[in-house]
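Colleague: Everything below, folded, please.
(one chain, ligands or ions: 2)
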Amino acid sequence: MVATDDRHSPQGESPTFDLSAYLAQRQALVEAALERAVPITYPEKIYEAMRYSLMAGGKRLRPILCLATCELGGGTLEMAMPTACALEMIHTMSLIHDDLPAMDNDDYRRGKLTNHKVYGEDIAILAGDGLLAYAFEVVAETKNVPPERLLQVIARLGRAVSAAGLVGGQVVDLESEGKADITLETLNFIHTHKTGALLEACVVCGGIIAGVSSTDLQRLSRYAENIGLAFQIIDDILDITVSSEKLGKTAGKDLQAKKATYPSLWGLEQSKQKAQQLVDAAKAEMAHFGEKSRPLQAIADYITNRSY
Ligand code: FPP
Ligand code: MG
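Modeller: Numbering: from 1, shown residues only. Ligands and ions are numbered 1, 2, ... in the order given. Below is the predicted model:
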């Protein structure tokens, strides 16, 4: 059960919002759409490898954020679903490549052997490439969304994965390995690029698809920036406090690799406080949208309350 503040709203205020039910329902829709998006065809091996990681059952937080902001802006789930799937494909490919021996050399992801452990490095690299390229095709083929909005989404996605986004963040992360004395500025750069850029794209692309104003896009972007950083701080905390079994990936890796993290710079308590401040700031951005923003407010709370 996911706890939200809303459960304790006094009578007379808006009804409680059941985030668990909301996430479960959206997750099922995303699973079904992903399932349809990547059928197995010739050459089967590559589609199997792509599906192995794509269908390994993550939280689907990124696609859910995209669907939520599209609905917030008055769009439909159908309008945002292709982009939502594309975002999960991009996220999955980044994890396949991140786990490779040339990068983090990890054996487990989402509770299963990593892609290269099962299919070999060659196929794992190609599975990542296949997912990345296919993500853009899926967005471009969206029905019932004006093409100029899709063009903006494609540009945003391209930027989020490029050297100005994920790739740049990963490069600085790799360069910083083994250096426990990196500055807060560098740590922020890594995370705003490696994790934050794609999270921001999820939130902003939903708004673009719905056709929200540029002022509202900026609000969405600030919401994303805040939850993105909070998400990473919590990730760093969980790496220290939660078992590998529960995380579904190797825990304690940051300490082992002598990686600078928020808890290593600030300590656990202050890190938790900072994450909470960021979530509060994210929720404040949503106040403007009123009741419609309940899902996004609850998702922000969930980020600090999650235990894996
Ligand atoms: C996980 O971080 C890794 C990422 C969030 C992204 C890594 C980015 C790349 C490999 C670049 C991908 C290439 C393109 C074209 C997008 P982590 O290692 O801190 O977390 P983990 O413990 O889950 O592995
Ligand atoms: Mg990693």
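Colleague: make it CA atoms for all contacts and neighbour counts henceforth
Modeller: Noted.
Colleague: For this structure, what lies in contact range of ligand 1?
Modeller: 94, 95, 97, 98, 161, 166, 167, 170, 194, 195 (CA under 6 Å from any ligand atom).
Colleague: how many other residues sit next to the closest residue to the fourth one other than its chain neighbours?
Modeller: When the adjacent residues along the chain are set aside, residue 98 lies closest to residue 104, with 5.8 Å between them (CA to CA, 6 or more residues apart in numbering). Burial measure for residue 104: 15 neighbouring residues, criterion other CA atoms under 10 Å.
Colleague: Residue 104 in helix, strand or coil?
Modeller: coil (DSSP: H, G, I helix; E, B strand; the rest coil).
Colleague: ranges for the strands of the chain?
Modeller: 108-109, 112-113 (DSSP state E).
Colleague: Could you export those strands as a markdown table, including mean neighbour count and mean pLDDT?
Modeller: Shown next, in a markdown table, are those (neighbours: other CA atoms under 10 Å; pLDDT from 0 to 100):
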| stretch | mean neighbour count | mean pLDDT |
| --- | --- | --- |
| strand 108-109 | 18 | 94 |
| strand 112-113 | 16 | 96 |
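Colleague: Of these, which is nearest residue 261?
Modeller: Distance to residue 261, taken as CA to CA, is lowest for strand 108-109 among the strands of the chain, at 20.3 Å.
Colleague: which residues of the stretch 101-250 of the chain score low on pLDDT?
Modeller: Where the stretch 101-250 of the chain drops to pLDDT under 70, the residues are 243-250.
Colleague: still on that earlier bit, can you check which of the strands of the chain gets nearest to residue 186?
Modeller: strand 108-109 (26.0 Å).
Colleague: Report the strands that pair with the closest one, each with its relative direction.
Modeller: With DSSP bridges as the test, strand 108-109 is paired with strand 112-113 (antiparallel).
Colleague: quick check: longest helix of the chain.
Modeller: In the chain, taking DSSP state H as the definition, the longest helix is helix 214-241.
Colleague: who does it touch, helix- and strand-wise?
Modeller: Secondary-structure packing of helix 214-241 (3 or more CA pairs under 8 Å, 6 or more residues apart in numbering; DSSP states H and E): helix 197-210, helix 253-256, helix 262-266, helix 268-286, helix 294-305.
Colleague: I'd like to know which elements the first one is packed against.
Modeller: Put plainly, it is helix 197-210. Right, helix 197-210 is packed against helix 61-72, helix 77-98, helix 147-161, helix 214-241 by 3+ CA pairs under 8 Å, 6+ apart.
Colleague: switch to 10 Å and redo it
Modeller: If you count contacts as 3 or more CA pairs under 10 Å, 6 or more residues apart in numbering; DSSP states H and E, helix 197-210 packs onto helix 61-72, helix 77-98, helix 147-161, helix 166-176, helix 214-241.
Colleague: nearest residue to the residue positioned nearest the centre of the chain other than its sequence neighbours?
Modeller: In the chain, the centroid-proximal residue (CA atoms, centre = their mean) is residue 62; its distance is 4.1 Å. With CA to CA, 6+ apart as the criterion, residue 62 has its nearest non-adjacent residue at 5.9 Å, and that residue is residue 202.
Colleague: Against ligand 1, how distant is that neighbour?
Modeller: The spacing between residue 202 and ligand 1, counted by CA to the nearest ligand atom, to the nearest Å, is 14 Å.
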